[in-house]
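Undergrad: Below are the sequence and a predicted model for it; my questions follow.
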Amino acid sequence: MQQQRVIPWHEAAWLNQPLHTESDGTDLLVTARGRSDFWRTTSYGFVRDDGHALLHDFPQDSAIEVTFLADFDTLYDQAGLMVRVDAGTWIKAGIEMSDGLPQLGAVVTHGVSDWSVAPVPEWHGRPVTVRASRAGDAVTVRARCEDGPWRMVRLAPLPPEVPATAGPFCCSPEREGLRVRFTRFAHGPADTALHEPKELT
């Protein structure tokens, strides 16, 4: 993607302050609060909206990218990128520990949540980038490990007239002390095509 602008961490606002944050050069280290999560109802029966997300404006015809280290070891440890309209309308996508493996997945919530995952054990402990691109009536979510090929994660509806924010998120539903290193937060134009990831750089 061309014409990207790195977003300084201080230009975004926290939804639910983490237990601790600190700068390490240009990186942001975040320690999640214990039992933090984003989820609405489906199968589990509970509503949780106390995960941590550092959110910036996400207008139509733009994209947000977040890079982080996926170094997780406890069930449901998770980090990536959140797109948020309100407490009942949001998307989170990234890496989550499940079934003993890091999984690339997404939760799309419109009143209630869904969930999809695919195992990516080879991504453990390596930099992962998640991109949400907003165009037309949808958000396209892609991800890659280091400089590898982009993988399609999700195509989800988002009406063009609805205000939204987006940025890095993390949660630790089963423990206290998850630390996530976020290394990049950037904004740029939306992807030009849905089925041509080779155009993305």
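TA: Thanks, I have it.
Undergrad: From now on I want contacts and neighbour counts done on CA atoms only, so please keep to that.
TA: OK.
Undergrad: From Trp39, how far out is the residue of the chain most remote from its centre?
TA: Among residues of the chain, the one most distant from the C-alpha centroid is Gly45; the distance is 23.0 Å, by CA atoms, centre = their mean. As judged by CA to CA, to the nearest Å, Gly45 and Trp39 stand 9 Å apart.
Undergrad: Repeat that for Ala132.
TA: Ala132 is 19 Å from Trp39, by CA to CA.
Undergrad: try Pro18
TA: As for Pro18, its distance to Trp39 is 17 Å (criterion: CA to CA).
Undergrad: Which one's more surrounded, those two?
TA: Using other CA atoms under 10 Å as the criterion, Pro18 and Trp39 rank with Trp39 on top: 25 against 21.
Undergrad: Show me what the more buried one bridges to in the sheet.
TA: Note on Trp39: beta-bridge partners Arg48, judged by DSSP bridges.
Undergrad: Check the contact between it and Asp50; I expect there is one.
TA: No. Contact criterion CA atoms under 8 Å: Trp39 and Asp50 do not qualify, at 9.2 Å.
Undergrad: What's opposite the spatially most central residue of the chain in the beta bridge?
TA: Centroid check for the chain by CA atoms, centre = their mean gives Leu81 as the closest residue, at 1.4 Å. Beta bridges link Leu81 to Ala93, Pro168 when assigned by DSSP bridges.
Undergrad: Hmm, Ile95 and it touching each other?
TA: No. Leu81 is beyond contact range of Ile95, at 9.6 Å (criterion: CA under 8 Å).
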